[in-house]
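> The sequence and its predicted three-dimensional model are supplied below.
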Protein chains: 2
Amino acid sequence: MKKKVSIKDIAAQLNISITTVSLILNGKSKQVGLSEAQTERVLKYVEEIGYKPNMLAKSLRTGKTKIICLLIEDIADPFFSTVAAHVEELLNQHGYKIIYGSTKNQTAKAIELIDLFRDRHVDGFIICPPEGLESDITGLLNERIPLVLFDRYYKTIDTDTVIVDNLESACKAVNYLIEHNYKNIGFVTLDSEQTQMQDRLQGYEKAITDHGFTSYIKKLSFSKVNQTGIDDIVQFLTENPQIDALFFGTNYLTLKGIEALDRLELSIPGNMGVISFDDHDVFKLFKPGITAMAQPISQISEQMVNLLLEQIDSTEADRKRKKIIVPAIIRIRQSSVTKTDN
Amino acid sequence: MKKKVSIKDIAAQLNISITTVSLILNGKSKQVGLSEAQTERVLKYVEEIGYKPNMLAKSLRTGKTKIICLLIEDIADPFFSTVAAHVEELLNQHGYKIIYGSTKNQTAKAIELIDLFRDRHVDGFIICPPEGLESDITGLLNERIPLVLFDRYYKTIDTDTVIVDNLESACKAVNYLIEHNYKNIGFVTLDSEQTQMQDRLQGYEKAITDHGFTSYIKKLSFSKVNQTGIDDIVQFLTENPQIDALFFGTNYLTLKGIEALDRLELSIPGNMGVISFDDHDVFKLFKPGITAMAQPISQISEQMVNLLLEQIDSTEADRKRKKIIVPAIIRIRQSSVTKTDN
DNA sequence: GTGAAAGCGCTAACAG
DNA sequence: CTGTTAGCGCTTTCAC
């Protein structure tokens, strides 16, 4: 168990001051005008003994940790874990590490996590916020902690935000079904006040209204999707047998829907056209493949990282906050082929 | 932007010493014999102003960070992200946060991450190690840093380890196919020296040999699975048209395999029986459902966390290292139903 | 019972 | 150009 060497040991060993070592280690030797020889010598020695600075001490002193907190709904969800993978990759390139937390979309859990990571002095937050976090987000903003929201946002707070054009995309998805001869299109979504779900709902309603169709909406409770989701959808379809296509508000709802259709022995797309908001790795492997409005994850991740780094690097006190809306992409598969009238 | 209050401010405000505050905050007032009244007063004030200790300073002083590093192959992989979710949940209950890194199964990346997190003084590591990390792992061991390996291990190093019984499970899976009348069973795996893949291979070979069958083995390069995996499997099947069932070494290989079978227009299980090592959320939604040897993730996670906490809490210098092997579970679906001879 | 003071390892004024 | 020094916020020994 080799003892940890500190900057002090190095200074002692080399018969120079701590400052000199610190300066050289931080690449300020040029800037301050230290001699080449000295710099070389220190760097060489440091390399030799494999010295690693104590990040804790550094952070305590500088107030910077080079850690970013990514707060998502659930790391086991493919959308979020893919976002996490992208963000990690991008931030690594800039010398940041990421620490993440799963909120399970619960306000209390999210608050706890934000507090915790703020206490740990993370240099910034990327947050997919559950409902009711307005005051905590405002708190972070007031403390001038770099912050980006994504997937959804608060209409009442001005934050840097990255989202997809939920309304447009939902509308397009439903229009796609309509163009392919589906006439009674149901929307399975969450009972949620969050902007992304509200916008998707509005997109659905717009498309339906534009064509003078009837809307069929089923809102599931987020926390109960895993318990009763399938039953709820089965019931919805049983009560509305005229429905000939379903648009799902998220990919996990689509998965539940597929199970529900299985149970009802309804075939896709023969008995029921299907489009999912959010793609999923495996939708292309289903038979039939499931058509999806895909969120361009790499684009979203890039934008978030850019906004965050911009804030970190920004010196101006009143940098204008930016909202970035990226377009979703429709991935057409067989679950939404033209309906043949019978 | 409210200024951060420190223990010093509290002491000043209350006209007592820093020590007293610190002692009380750490619950040592009883132990040291501080007056009830004093204790109450401080606790109340601290609560009132919402004081939060600076974890960095605390960590610098104590050497403990209450952070555990979880090193996995890829956070976007459903197996690993589910492990991450479980481990996070369990460690949270013990006051630990987790910071993770994706190694992409690359030695260099893993070494870099280990160094990085060690520099950040994490209190322990849970690692799914890529090949060639022996010396780094030994380094951690020598520094007495708590450490658990999972999914695979090094035969040459004595570490706490949690794995599934890869050999037995693979053997069982293949036997299941054999019992259901499949006679020419191919094994699609990775070209990897890692223990888990070696053991699965041996399990396959044992089952095949036991029945005097012929083995058909296709090893794909891990790094090229996403590029050429499908083509490779297509070629394998084209070259060995007698194969009537496939056993896949991991769930993502299974996904590639399904695409390959699609492309060859071979139906499951009519033309090809299928079993996957590792389950996947969506295997039950495929038509037909894909039979899988599932790793019991919650059990694995629990065991890992237990072993890690044991090490953290252990005082004895030479605690015996433990290897835990949990049984995998076969989830039978339609992809492996009895083959009807024709 | 409570407080003063040292020090964890590092950075950055400030001096010389 | 280089060294001295004062903290960052906290824990903990030792003294009163």
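Looks like it came in fine. Numbering: from 1, shown residues only, chains lettered A, B, ... in the order given.

> Tell me if stretch A:236-246 is near chain B.
No. With C-beta under 8 Å from any C-beta of the partner chain as the threshold, stretch A:236-246 lies outside contact range of chain B, at a closest distance of 15.1 Å. Any C-beta I mention is one placed from the backbone N, CA and C, and that applies to glycine too.

> what's in contact with that stretch?
Where contact means C-beta atoms under 8 Å, 6 or more residues apart in numbering or on different chains, the residues beyond stretch A:236-246 that reach it are A:177, A:182-188, A:216, A:218, A:257, A:260-261, A:264, A:266, A:269, A:271-275, A:336, A:339.

> give me that answer again for 7 Å
When contacts are defined by C-beta atoms under 7 Å, 6 or more residues apart in numbering or on different chains, stretch A:236-246 is touched by residues A:177, A:182-186, A:188, A:216, A:218, A:257, A:260, A:264, A:272-274, A:339.

> I'd like the average pLDDT over it.
The average pLDDT for stretch A:236-246 rounds to 97.

> And that stretch, what's buried?
Of the residues in stretch A:236-246, those with enough neighbours to count as buried (16 or more other C-beta atoms under 10 Å in any protein chain shown) are A:F236, A:L237, A:I243, A:D244, A:A245, A:L246.

> Chain A against DNA strand C: which residues are in contact?
A:4, A:6-8, A:18-19, A:22-23, A:25-26, A:53-54, A:57-58, A:60-62 (C-beta under 7 Å from any atom of the strand).

> Let me know the helix or strand that A:L70 is in.
Element membership for A:L70 (DSSP states H and E) is strand A:67-72.

> For whatever helix or strand comes next after that strand, give me every contacting residue.
Note on strand A:67-72: by DSSP H and E, the next helix or strand toward the C-terminus is helix A:78-92. Residues external to helix A:78-92 that are found in contact with it (C-beta under 7 Å, 6+ apart): A:68, A:70, A:72-75, A:98, A:100, A:126, A:251, A:278, A:280-281, A:295, A:297-298, A:300-302, A:304-305, B:74-76, B:78, B:81, B:102.

> swap in stretch A:258-272?
Contact partners of stretch A:258-272, identified using C-beta under 7 Å, 6+ apart, comprise A:230, A:233-234, A:237, A:244-246, A:274, A:288, A:334-337, B:285.

> Would you mind giving those as TSV with distance to A:A110 and secondary structure added?
Formatted as TSV, the contacts of stretch A:258-272 follow (distance: C-beta to C-beta, whole Å; DSSP: H, G, I helix; E, B strand; the rest coil):
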residue	distance to A:A110	secondary structure
A:I230	27	helix
A:I233	28	helix
A:V234	32	helix
A:L237	34	helix
A:D244	39	coil
A:A245	35	strand
A:L246	31	strand
A:V274	32	strand
A:P288	38	coil
A:Q334	39	helix
A:S335	34	helix
A:S336	35	helix
A:V337	41	coil
B:L285	30	helix
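
> Select only the buried ones of these in PyMOL?
Command for PyMOL that selects the buried part of the contacts of stretch A:258-272, burial taken from 16+ other C-beta under 10 Å:
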select buried, (chain A and resi 230+233+234+237+244+245+246+274+288+335+336+337) or (chain B and resi 285)
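
> Can you tell me which of the contacts of stretch A:258-272 is closest to A:Y45?
A:Y45 lies nearest to B:L285 out of the contacts of stretch A:258-272, by C-beta to C-beta, at 60.0 Å.

> who touches that closest one in this structure?
Contacts were defined as C-beta under 7 Å, 6+ apart; by that measure B:L285 touches A:L255, A:I258, A:E259, A:F286.

> could you measure it against DNA strand C, distance?
52 Å (C-beta to the nearest atom of the strand, to the nearest Å).
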